[in-house]
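J.: Below is the structure, and that's it, no one-letter string:
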Ligand SMILES: Nc1ncnc2c1ncn2[C@@H]1O[C@H](COP(=O)(O)OP(=O)(O)OP(=O)(O)O)[C@@H](O)[C@H]1O
Ligand SMILES: [Mg+2]
């Protein structure tokens, strides 16, 4: 399936926007502030959780909008089977998404994931290897979710049980209440660790499939207590070991007012394989190239999963890349065979991409013009 139309109403800078697409990849160019990133972000309204800017829904709605906001996507496959996905954000609070697929209301956001998944790279991720562990963990969970529709739900279940256990500890709830919540945390926590582990392992397959010399290979290691338990003991014993750690930690967790052990504290350790250098110590350009390689490898590994379309969003992608790498990226995207949306200010930098892609120049009249 490929995106063949995008419409927006009262989203970010767009009062209205409409573009018909061929289903090929899309280059979006225009000056600063033209609304390029806004288009990518609008697409991520169709993903689970926060948008590509990590914004809450009211921020995504156009300032001053009084009527409803929303976005629509048409998905089309080669056999001309068409699906229409619509997200509306109703006034006055603009804080809830209502989803419809082919006109039918959908309760669970997970249903969207069965049709459409995203992988994205934005300039905000340029410092990922220097940022706090939480940023890397979120990155890992996002690329994991691109290949596992259960991952977002497992994470939500784990976090809910963790919050409930902390409240129960503070209220002095009876031990059986704590035990039930700890069992839930152990079950979903080990599943989370398992999916993250599979994600890290899938990268090697992705690199192998793409053989992209322009983008260095990374090895990815997940560092954390539950990750270690899982690696050493397997899922069943890891679950029991994690559950026992939680039970043993009740007092210190209560005193610390946070849960000290669990997959919510894991970190991602990335190494530039060719240089045997921690990503953190690589140059800015090397880090960017590592990150692009990693996303492409994950895309290659995850694209066939679940029969849903995987779409790549690459914001300001040309900025750090020299000509050789831009050409290599164009070739790799071609080889991947996925629909990608690429943005940049400099139209000339997209010369290697444009012959085979659609071209949008937002800004002029706010109606997407398809060149
Ligand atoms: N909720 C909102 N309502 C109205 N306008 C908004 C809202 N949020 C952001 N904007 C505006 O949208 C405009 C376009 O933003 P966007 O980030 O898409 O630009 P861009 O084309 O990606 O630019 P750059 O090249 O600088 O990255 C900005 O001028 C911004 O102020
Ligand atoms: Mg932008």
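T.: Here it is on my side, so go on. Small disclaimer: the values here were computed from a predicted structure and weren't measured. Numbering: from 1, shown residues only. Ligands and ions are numbered 1, 2, ... in the order given.
J.: which SS class is residue 7?
T.: Following DSSP: H, G, I helix; E, B strand; the rest coil, we place residue 7 in the strand state.
J.: Apart from its neighbours in sequence, what residue is nearest it?
T.: Beyond its immediate neighbours in the sequence, the residue positioned closest to residue 7 (Cβ to Cβ, 6 or more residues apart in numbering) is residue 72, lying 4.4 Å away. C-betas here are computed from N, CA, C, even on glycine.
J.: residue contacts, that neighbour?
T.: Taking Cβ atoms under 8 Å, 6 or more residues apart in numbering as the definition of contact, the neighbours of residue 72 are 5, 6, 7, 8, 84, 85, 86, 87.
J.: Write a PyMOL command that selects only the buried members of these.
T.: Paste this into PyMOL to select the buried members of the contacts of residue 72, with burial taken from 16 or more other Cβ atoms under 10 Å:
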select buried, resi 5+6+7+8+85+86+87
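J.: which among the contacts of residue 72 gets closest to residue 162?
T.: Nearest to residue 162 among the contacts of residue 72 is residue 87, at 28.7 Å by Cβ to Cβ.
J.: helices or strands next to the helix or strand of the chain with the lowest mean pLDDT in the packing?
T.: Ranked by mean pLDDT, DSSP states H and E, the weakest helix or strand in the chain is helix 110-113, scoring a mean of 82. The contact analysis (3 or more Cβ pairs under 8 Å, 6 or more residues apart in numbering; DSSP states H and E) places helix 110-113 against strand 98-101, helix 151-171.
J.: Can you list the buried residues in that helix?
T.: Neighbour-count burial for helix 110-113, counted by 16+ other Cβ under 10 Å, picks out 112, 113.
J.: if we look at the helix or strand just after it, which residues are touching it?
T.: Next helix or strand after helix 110-113 toward the C-terminus (DSSP states H and E): strand 116-121. Applying Cβ under 8 Å, 6+ apart, the contact partners of strand 116-121 are 1, 40, 43-44, 46-47, 52, 73, 75, 85, 142-143, 145-147, 149, 291-292, 295, 298-299, 302, 306, 308-315, 317.
J.: Next: stretch 149-162.
T.: By Cβ under 8 Å, 6+ apart, stretch 149-162 touches 48-49, 110, 113-114, 117, 141, 144-145, 181, 184-185, 188-189, 191-192, 195, 259, 262-264, 306, 308.
J.: Assign the residue nearest to the spatial centre of the chain to helix, strand or coil.
T.: By Cα atoms, centre = their mean, the mean C-alpha position of the chain lies nearest to residue 142, the distance being 3.6 Å. Using three-state DSSP as the criterion, the local structure at residue 142 reads helix.
J.: just residue 294 next, same as before
T.: Using three-state DSSP as the criterion, the local structure at residue 294 reads helix.
J.: Spit out the contact partners of it.
T.: Residue 294 is in contact with 143, 203, 218, 220, 270, counting by Cβ under 8 Å, 6+ apart.
J.: if we can go back for a sec, strand 116-121 and the helix or strand in which the residue nearest to residue 7 is found, what's the angle between them?
T.: Using DSSP H and E, the secondary-structure element containing residue 72 is strand 69-76. Note on geometry: by axes from the mean of the first three to the mean of the last three Cα atoms, to 10 degrees, strand 69-76 and strand 116-121 are set 110 degrees apart in direction.
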